[in-house]
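Enquirer: fold the following for me, if possible:
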Amino acid sequence: MFSSLRARLRIASGAFCDRFPRTAGLLGFAKRRRRPLTALFVLTMHVIGFFQSISAVMETRTPQGAIAWAITLNTFPYLAVPAYWVFGNDDFDTYVSTRSAGLAEIRPVARQMIRDIGEAGVPPAATTDLMTTLSRISSLPVTSGNKAELLVDGKNTFRSIFDAIDNAQDYVLVQFYIIRADGTGNELKERLIRKLREGVKVHVLYDDYGCLGLDRSFTRDLTEAGAEVRSFMNLGGDANRFQLNFRNHRKIVVVDGKVAFVGGHNVGDEYLGKHPSLTPWRDSHLRISGPVVASVQVPFVEDWHWATGEQLDHLRWDLSSRPGDAEAVCLPTGPADPMETCGLFFQAAIHAAKKRVWIATPYFVPDDAVVMALQLAARRGVEVKVLVPELSDSKLVYLSSFSYLDELERAGVEVWRYQDGFLHQKVILIDDEFSAIGSANLDNRSFRLNFEVMIGVNDKPFAREVKTMLQLDFDKSTRAKANDLAEREFRFRLGVKVARLLAPIQ
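Expert: Prediction:
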């Protein structure tokens with residue numbers, strides 16, 4: 001019996017070495033050189049990789065992500081195990097329960113806010129099915145009487161934000177994924193300090209990972225001037241500092257509850273075109289006023305409570321202002337939502353299109369549902385165009401984008417590569433009425449892991465502005481074709497295939 005068992009183990013060991021020749025080679029080398037520690041390290045990493053792959057299969061939110069992690073953890077455990085601890089081990093159930101427990105205290109306040117917004121901003125009868133759907137996805141109402149202003153690139157964006165801060169009378173809410181202590185960041189700091197001296201309340205919320213290199217003197221100066229400054233920790237405590245999931249990727253500024261800013265810009269000189277390599281920097285932002293600003297405050301209030309345990313009970317919720325004619329809805333999305341609201345937003349918008357779907361995104365790594373929505377729209381006769389950057393700050397994302405060209409091209413979807421610098425804007429245009437601007441990318445992190453915010457605007461004049469802006473961007477772009485990949489060298493094509501396999505964990 002035991003001899004039979006030993007024989008089976010020898011066969012299994014040989015099969016394992018055949019399956020993983022690199023591991024077998026390392027084990028053989030260690031044995032020949034009498035290095036038991038090396039052999040122990042190799043064996044330990046494969047054992048850890050095996051058990052972590054079980055964790056990945058049980059906990060990863062998508063089958064594709066589970067497969068990607070399971071393969072890499074068992075095949076390349078030396079690299080995959082540390083990567084999984086940083087990127088993959090999301091501990092999602094713990095996070096959701098912790099986040100939900102924190103929201104339980106503030107949810108009654110938020111519900112009252114939402115009820116007040118709904119009562120004061122009852123959507124008119126002309127509201128589209130898309131706006132109604134987005135309201136149900138976000139649990140925030142469609143409001144009428146808003147005014148939307150398109151801000152193209154950093155100079156216009158920061159001028160508008162700084163002007164609004166200078167005119168603040170009561171409070172300023174500031175939330176960014178990245179804040180740098182450079183020229184742009186210091187100008188923001190000095191303007192906030194001036195308002196603090198005038199008695200204006202200032203709340204600053206930043207993501208702890210996005211601002212990992214932020215000099216402590218920056219936050220200290222604001223705090224000493226009277227500002228409330230907090231970082232958004234994912235699960236709390238320094239032990240989670242290098243856990244990259246559940247990042248707060250939102251970019252929000254609210255002044256006096258009357259005007260809000262949402263878009264793609266963080267705070268830094270690179271957003272003014274001063275990045276050493278990613279320049280010119282192409283980005284878009286939205287300035288909006290009217291009753292929808294109250295909706296924008298809701299995710300800030302929830303995020304602030306999560307980070308501090310405090311309730312912001314001094315904010316204004318005046319919904320009587322009607323500065324314009326635009327219908328608008330705020331769509332905050334995040335990993336603790338009961339559904340994958342970010343992906344549902346993009347699918348709803350694409351499926352609603354009858355004439356046009358134009359999307360600009362710096363990170364194009366969509367899941368199967370969004371890919372099929374784009375294909376179906378093109379087959380329905382809708383003009384579907386996706387704008388991505390030729391110059392990228394992520395080699396993996398850049399390679400992944402090539403893998404979609406063939407299946408999208410066959411369905412009639414056009415992919416364009418922006419040539420004039422780095423394109424970072426997150427914009428979608430549907431037909432001649434609807435557009436949305438915010439922080440969400442078309443990738444797994446935005447769909448399932450990051451906190452994001454988009455503002456959907458149903459307004460023909462504003463949609464015309466967005467269309468004009470995007471048309472100028474397309475004029476500076478070249479059409480990407482499936483042959484672009486076929487004509488590349490083997491090493492590049494292999495990299496594209498590998499990057500596509502890793503798409504769910506990017």
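
Enquirer: secondary structure element for R479?
Expert: strand 477-480 (DSSP states H and E).

Enquirer: cool, and F300?
Expert: Assessed by DSSP H and E, F300 sits inside helix 292-308.

Enquirer: show me what contacts the nearest residue to R464 once chain neighbours are set aside?
Expert: Nearest non-adjacent residue to R464, counting by CB to CB, 6 or more residues apart in numbering: D432, 7.4 Å away. For every residue, glycine as well, the C-beta is placed using N, CA and C. Applying CB atoms under 8 Å, 6 or more residues apart in numbering, we find D432 in contact with K355, R356, K460, A463, R464, K467.

Enquirer: got the phi and psi for D432?
Expert: With angles defined as degrees, to the nearest 10, D432 sits at phi -110, psi 10.

Enquirer: quick one: it and V466, what's the gap?
Expert: Distance of D432 to V466, given as CB to CB, to the nearest Å: 10 Å.

Enquirer: pretty sure L387 is in a strand, no?
Expert: Yes - per DSSP: H, G, I helix; E, B strand; the rest coil, L387 lies within a strand segment.

Enquirer: and the contacts of the longest strand anywhere in the chain?
Expert: When the chain is scanned for its longest strand (criterion: DSSP state E), the result is strand 143-152. Outside of strand 143-152, the residues within contact range by CB under 8 Å, 6+ apart are 117, 120-121, 123-124, 157, 160, 261, 263, 284-292, 294-295, 319, 321-329, 437, 455, 457, 459, 462, 465-466, 469.

Enquirer: could you flag which of the residues you listed are buried?
Expert: By neighbour count, with 16 or more other CB atoms under 10 Å, the contacts of strand 143-152 hold 117, 120-121, 123, 157, 160, 261, 263, 284-292, 294-295, 319, 321, 324, 326-329, 437, 455, 457, 459, 462, 466, 469 as buried.

Enquirer: out of those residues, which are inside strands?
Expert: Among the buried ones among the contacts of strand 143-152, DSSP E puts 261, 263, 284-289, 326-329, 437, 455, 457 in strands.

Enquirer: can you list the strands that the longest strand of the chain pairs with?
Expert: Strands adjacent to strand 143-152 in the sheet, as given by DSSP bridges, are strand 284-289 (antiparallel), strand 326-333 (antiparallel).

Enquirer: got CSV for those, with mean pLDDT too?
Expert: Listed next are the strands paired with strand 143-152 as CSV, based on pLDDT from 0 to 100:
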stretch, mean pLDDT
strand 284-289, 98
strand 326-333, 95
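
Enquirer: what's the closest of the ones you listed to K395?
Expert: Closest to K395 of these is strand 284-289 (CB to CB; 24.4 Å).

Enquirer: what angle separates the closest one from helix 292-308?
Expert: Strand 284-289 and helix 292-308 are oriented at 110 degrees to each other (axes from the mean of the first three to the mean of the last three CA atoms, to 10 degrees).

Enquirer: okay, buried residues for the first helix or strand past the strand holding R479 going along the chain please.
Expert: Per DSSP H and E, strand 477-480 leads on to helix 483-486 as the next helix or strand towards the C-terminus. Within helix 483-486, the residues scored as buried using 16+ other CB under 10 Å are L485.

Enquirer: give me the mean pLDDT for helix 483-486.
Expert: Averaged across helix 483-486, pLDDT comes to 92.

Enquirer: and stretch 253-266, by the same measure?
Expert: Mean predicted confidence for stretch 253-266 is 98.

Enquirer: got the end-to-end distance for that stretch?
Expert: 11 Å (CA to CA, to the nearest Å).

Enquirer: and that stretch, how far out from the chain middle?
Expert: 17 Å (CA atoms, centre = their mean, to the nearest Å).

Enquirer: same check on stretch 436-450?
Expert: Here stretch 436-450 is found 3 Å from its chain centre; the criterion is CA atoms, centre = their mean.

Enquirer: cool, and stretch 207-215?
Expert: 16 Å.
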